[in-house]
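> sequence and predicted structure, then a few things I'm wondering about:
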Amino acid sequence: QENAVLSAVDEMLESQKLQPSPVAYMGVLMMTLEASHAQAASAGGVLTLLERALASVPAALLSSKGPRMAGVIVAVSNLHVDQPQVVRPALLCARRLLLSLPPRSADATKLWRWLLEFVAHSHPKVRQRGQATATEVLREAAAAADSPAAA
């Protein structure tokens, strides 16, 4: 499914005469999520590619766009809450966003609450991804707080 989504995104970038970049991909993928509450398979493909793009987006941009992005990602994944192919990449996107948001902000708190719902999810793969995501965020946030750059 990711290949079909990637082809559509590439076509959209080309039609808009935009250079392919992580920020451009992020924008098109977010527009796709906002515009349609797609089938679970295509929503999962969009979220998987979005998570990959978020890995290369500047932290400052993620921090400024994070709250709005989180709202869209949560809304789409809540529509497909029993579909692991949607929830798993949504949790990975949430991980990237949580690490970019100020830790004690209201937006980060809302996203944490949503993430923690999956720690005890009924589907084992989703539960495992929820637990792993929560652990990764805590570990990475603690490491960032302990780094000399944070001081």
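Yep, that arrived.
> for Phe118, give me its contacts.
87, 91, 126-127, 129-130, 133 (Cβ atoms under 8 Å, 6 or more residues apart in numbering). All C-beta atoms are positioned from the backbone trio N, CA, C, and that covers glycine.
> what helix or strand is the residue nearest the centre of the chain located in?
Residue closest to the mean C-alpha point of the chain, counted by Cα atoms, centre = their mean, is Cys93 at 1.8 Å. Element membership for Cys93, per DSSP states H and E: helix 84-100.
> can you give me the mean pLDDT across the next helix or strand after that helix?
Next helix or strand after helix 84-100 toward the C-terminus (DSSP H and E): helix 106-116. When pLDDT is averaged over helix 106-116, the result is 95.
> who's in contact with the helix or strand of the chain with the lowest mean pLDDT?
Sorting the helices and strands of the chain by mean pLDDT, DSSP states H and E puts helix 2-15 at the bottom, at a mean of 87. Residues from elsewhere that reach helix 2-15 (Cβ under 8 Å, 6+ apart): 19-20, 24-25, 28-29, 32, 42, 45-46, 48-49.
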